[in-house]
Structures are given as structure tokens and as C-alpha cells.
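Colleague: Any chance you could fold what I've pasted below:
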Amino acid sequence: MTDLVYTQLQATIATMQAVQADPAIHRTLVEIARQTAEAMQTGHKLLVAGNGGSAADAQHLVAEFVVRLKANRAALRAVALTTDTSILTAIGNDFGADALFERQVEALGQPGDVFLAISTSGSSPNILRALARAREQGMFTVGFTGQGGGRMAALCDCLIAVPSNVTMNIQEAHLSLEHTLCLLVERILFGEL
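Modeller: Below is the predicted model:
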């Protein structure tokens, strides 16, 4: 059993090292942070969505923006589209699961907002529809996904594709990148805290 622990940790480290060694990912993350900070500075917001573990990531990331990451500072406008059970169940019942996030983007999204879609496969139908709606509404679209980018690549202004096909390793990298995104936005807006 300890061999399994070692092997899994080795896979996690290898994925993180691949992300660390990729300057394109670094540049893209900085651009996403700039766009997000600019949106927040001008009274706009960040909307975030994902399914399953990526839904948990959406909620975690939004909590970091609204509450804090490293130090006390003003709350930042961010909304996880994964949290309102009344809205989610009504949309699922009335329009189907593929409309879960699209309908919320339609209601809450405005030109100048940022929509961050998290999908390890890059091909989740409800994520694709939400990205298309966000684009139609003049939002800056961002995707976090796995190797290859899936179908969401064509719908994103900025895309980070973690170089892995293993869902858990992609999710581990996403969480680290999400924390770094929040850290970058804090630095842009508040300086060194």
C-alpha cells in the first residue's frame, strides 16, 4: 500500500512540475489575472462554474476572492454558479442539466465580467453552453481544463490546459493555479499584502 502512496504522489509531482516548467501557462495565468483585476476594478465580477470536483473548485476559488487568500483586504466580486440548489434544481427540471450554467450566465453576466469555466475534459455540455452564452454577452471567457483543451478551447479567450489526462492530477494542478490566480489578482489590486 505504501507503494501506491509513493506512486500517486510521484504522479502529482510530475504533473505539477510540467505546469511549473511551461512558460505559456504562466503567461496565460498572468493575463487571466490582469483581465480579472481590471473587471473587478471597474465594478464587474468573476463568475465561476464546474461539475463535480470542479464545482468544489469553483466554490473554493470564489471563497478565496470574497473572503481572503493570504491577508485581510476588501472583498472581491466573485460568484460560484454551483451553489444555489433552488436555481440548480429548477433549471435542471425545467431546461435540463445542459442549461445549468448557461441560464445563470444569462441572468448574472454582463459585458466586462469574466467567466471562468472549469472542466477537466473540456467537453462538458453545460460548460460549453455557458461559455457560448458568456461570449454572446460580451464577457471575457476563461477555461481551465486538461491536456488538449477539449471543445471548450474554441470558446475561451484564455485557456489553461494542464498537461495530463488523469482527472485527479488535473484537478490538483487546477487548485494550485486557482490559488495563484487569486494571489495575482490580490497583488494587482492591493500590492504586496
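Colleague: Show me where the protein has its helices.
Modeller: With DSSP state H as the criterion, the chain has helices at 2-20, 23-41, 53-66, 85-95, 100-108, 125-136, 167-190.
Colleague: Of the ones you listed, give the one that comes closest to residue 147.
Modeller: Nearest to residue 147, of all the helices of the chain, is helix 167-190, at 8.0 Å by CB to CB. In this view, the C-beta of every residue, glycine as well, is placed from N, C-alpha and C.
Colleague: any idea what sits nearest residue 121, other than its immediate chain neighbours?
Modeller: residue 150 (5.3 Å; CB to CB, 6 or more residues apart in numbering).
Colleague: Was I right to think that neighbour contacts residue 122?
Modeller: Yes - Residue 150 is within contact range of residue 122, at 2.0 Å (criterion: CB atoms under 8 Å).
Colleague: The two: which has the busier surroundings?
Modeller: Set side by side, residue 150 and residue 122 show more neighbours around residue 122, with 26 against 20, by other CB atoms under 10 Å.
Colleague: quick one: the residue found closest to residue 30 once you drop the neighbours it is linked to in the chain from residue 169, how far?
Modeller: Nearest residue to residue 30, sequence neighbours excluded (CB to CB, 6+ apart): residue 184, at 6.4 Å. Here residue 184 is placed at a distance of 23 Å from residue 169 (CB to CB, to the nearest Å).
Colleague: Just want to know which of the two has more residues nearby.
Modeller: Taking neighbours as other CB under 10 Å, residue 184 and residue 169 compare with residue 169 leading, 23 against 18.
Colleague: contacting residues around that one?
Modeller: By CB atoms under 8 Å, 6 or more residues apart in numbering, the contact set of residue 169 is 11-12, 15, 162.
Colleague: ok, now residue 129?
Modeller: Residues in contact with residue 129 (CB under 8 Å, 6+ apart) are 98-99, 101-102.
Colleague: which one among those residues gets closest to residue 75?
Modeller: Ranked by distance to residue 75 (CB to CB), the contacts of residue 129 are led by residue 101 at 23.0 Å.
Colleague: neighbours of that closest one, just the number please.
Modeller: Residue 101, neighbours per other CB under 10 Å, totals 30.
Colleague: Format the CA atom coordinates belonging to stretch 26-38 as CSV.
Modeller: Only the C-alpha atoms of stretch 26-38 are listed here, as CSV (Å, rounded to 0.1, in the frame of the first residue of the first chain):
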residue,chain,number,x,y,z
HIS,A,26,2.5,31.2,-16.6
ARG,A,27,1.9,34.0,-19.2
THR,A,28,-1.8,32.9,-19.7
LEU,A,29,-2.4,32.9,-15.9
VAL,A,30,-1.0,36.4,-15.6
GLU,A,31,-3.2,37.6,-18.5
ILE,A,32,-6.3,36.0,-16.8
ALA,A,33,-5.3,37.8,-13.6
ARG,A,34,-5.0,41.1,-15.4
GLN,A,35,-8.4,40.7,-17.0
THR,A,36,-10.0,39.7,-13.8
ALA,A,37,-8.4,42.5,-11.8
GLU,A,38,-9.5,45.0,-14.5
